[in-house]
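Participant: Sequence isn't available, so here's the structure alone:
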């Protein structure tokens, strides 16, 4: 295919827009503040304006195949409507796809951002074209996207793939969703920081608490250097992740499980811990049937994932 | 379609064979002892002979569209090979489909028995034709089959849908698969009996222990009449089942979750307990998106499920 796609990574704070070619290279990009509080019409207007400018300056106007948007929240996929998005107050049934089409003239597809990440891996990642992919984004929350025999798992309303809300510890910490011990409540960046902070009284001397701003990265870095508190937190998070992944292996028999999002930047240290534990939780007949890998799209994965929707939907 | 299908429910003790019409009615059936110990060739020979006889006596020879076999274990679906089956010692890479085709002349499809159950529900059950179905068989083990947008979830090797081996209690009882606290180790008929027996010292007066042969049915019946020990066991089993189902709801966003197998005969008593608990584990956005139901194929569900494979594969 000889053309370009516009990928839009709609975020709570900023929105990244890029022109992406068929190989997943970003030829031009811009970042605008989302300014959610101004309301959906204002946000969409400004995004559309940025798209028009970007397409114009790149000189690819006649070669744009469409727009793909990765959006947090529950998406009605057929119509490209944002039903509800926790970090976008007031966004209820926003016809994102239709409005962007009206304002730009380009066919627009919208997917949940974790699904977009999965499709991005399928389209542009190391495991490009792999028919059975389970993708997990370990960030503020834990998002999931599943491609099974080349098709996205969406379910009846398109809400499927909420892998972050399988329950790992039935009596574990409260999750934002209202349940206890969800994967998200144990393995998201937010949860890793929360679990570390809960240890402050027991481990006041941990180097983690010398930092002004504690992130999941801080905790992983300290664990790597042998900080006991951080090791305990990493142990619990990676155990939860391994139990979740083992379940997804039994459910989907995937070729690969791809980990993305901020937590995945802990790299091989994370990967090795998770791999070892998953082995102990997986039935013998599944041994050797799957790989666990870190996403290599990291930088601009959002734009690329969003862009890939257009190729995926029109394949 | 004007024709008939042969459904074969291959079991560890007996094998049920039936001639099934397009509406799922069994027009003729026979049951033979499987006699696993005689080896796969002998078993297949006798099944083929029964099929030929049954087709002949029913007078449908010219109208048989094919054979469907529901088999326990890991199945290579494309070739219809039984890779491995825990209750069939010595069955490794048995070319079940090819041999039955050679011996009977009818095109033969093989599926894992829990997948066959799911397809049977899709073809002949109350929720006939529903595009997104999660089916669970609660018997000796816990089997699973998932139909998503009208397609069976099989994964890369065809081993997908092992819903019984998601981990519910990471520190729970040992499962036959080697993990701890799998759904199967908490909610199968076998596990329910095991958990009851573990209470014998604490509750020696439970009416359950007056029975010669304790089954899941015994435990459920006692729970219904207020037996404290049985209520505790049912509570733990239904909690596990609810946590599992809530996970499947988040993962698949199904229209319906159908419960079959011996445990499902506990009926509405089971259903109400599970439904109430699932509600408490499911995210708000999924409320009202799914139903939980008991299979109504119960009697001969195995034959019907097996038969339905032929219709499903040739749809």
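Facilitator: Alright, I've got the coordinates. Just so it is clear, the model here is predicted, and its values are computed rather than measured.

Participant: wait, what's in contact with residue A:168?
Facilitator: A:181-183, A:186, A:240, A:243-244, B:167, B:170 (Cβ atoms under 8 Å, 6 or more residues apart in numbering or on different chains). To be clear about C-beta, it is placed using only N, CA and C from the backbone, and glycine gets the same treatment.

Participant: Could you export those as JSON lines, including secondary structure, pLDDT and distance to residue B:91?
Facilitator: Below are those laid out as JSON lines (DSSP: H, G, I helix; E, B strand; the rest coil; pLDDT from 0 to 100; distance: Cβ to Cβ, whole Å):
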{"residue": "A:181", "secondary structure": "coil", "pLDDT": "96", "distance to residue B:91": "39"}
{"residue": "A:182", "secondary structure": "strand", "pLDDT": "96", "distance to residue B:91": "39"}
{"residue": "A:183", "secondary structure": "coil", "pLDDT": "97", "distance to residue B:91": "36"}
{"residue": "A:186", "secondary structure": "helix", "pLDDT": "98", "distance to residue B:91": "40"}
{"residue": "A:240", "secondary structure": "helix", "pLDDT": "98", "distance to residue B:91": "36"}
{"residue": "A:243", "secondary structure": "helix", "pLDDT": "98", "distance to residue B:91": "31"}
{"residue": "A:244", "secondary structure": "helix", "pLDDT": "98", "distance to residue B:91": "32"}
{"residue": "B:167", "secondary structure": "strand", "pLDDT": "97", "distance to residue B:91": "28"}
{"residue": "B:170", "secondary structure": "coil", "pLDDT": "93", "distance to residue B:91": "32"}
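
Participant: quick one: which of the residues you listed is nearest to residue B:16?
Facilitator: Residue B:16 lies nearest to residue B:167 out of the contacts of residue A:168, by Cβ to Cβ, at 32.8 Å.

Participant: Count the residues that sit near the closest one.
Facilitator: Neighbours of residue B:167 under the rule other Cβ atoms under 10 Å in any protein chain shown: 24.

Participant: same thing with the one 5 residues further on?
Facilitator: Burial measure for residue B:172: 19 neighbouring residues, criterion other Cβ under 10 Å.

Participant: Quick check: phi and psi on it?
Facilitator: Phi and psi for residue B:172, reported as degrees, to the nearest 10, are phi -80, psi -170.

Participant: I figured it hits residue B:183, correct?
Facilitator: No - checked against Cβ atoms under 8 Å, the pair residue B:172 and residue B:183 is beyond contact range at 10.0 Å.

Participant: quick one: contacts for residue A:174?
Facilitator: A:180, A:185.

Participant: Tell me the bridge partners for it.
Facilitator: residue A:180 (DSSP bridges).

Participant: close enough to count as contact, residue A:63 and residue A:2?
Facilitator: Yes - counting by Cβ under 8 Å, residue A:2 is a contact partner of residue A:63 at 7.1 Å.

Participant: coming back round to it: could I get the contacts of residue A:168 as a markdown table with distance to residue A:233?
Facilitator: Formatted as a markdown table, the contacts of residue A:168 follow (distance: Cβ to Cβ, whole Å):
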| residue | distance to residue A:233 |
| --- | --- |
| A:181 | 15 |
| A:182 | 17 |
| A:183 | 15 |
| A:186 | 10 |
| A:240 | 11 |
| A:243 | 16 |
| A:244 | 17 |
| B:167 | 21 |
| B:170 | 17 |
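
Participant: Just give me the closest of the residues you listed to residue A:255.
Facilitator: Using Cβ to Cβ, the contacts of residue A:168 come closest to residue A:255 at residue A:244, 17.7 Å.

Participant: Look up how far residue B:84 lies from the closest residue to chain B within the stretch 201-315 of chain A.
Facilitator: Nearest to chain B, among the residues of the stretch 201-315 of chain A, is residue A:253, at 2.4 Å (Cβ to the nearest Cβ). Note on residue A:253: its distance to residue B:84, by Cβ to Cβ, to the nearest Å, is 14 Å.

Participant: Out of these two, name the residue with the larger neighbour count.
Facilitator: The neighbour count for residue A:253 versus residue B:84, taken as other Cβ under 10 Å, is higher for residue A:253 (25 against 15).

Participant: Run a quick check on that one versus residue A:289, I expect a contact.
Facilitator: Yes - between residue A:253 and residue A:289 there is a contact under Cβ under 8 Å: 6.4 Å.
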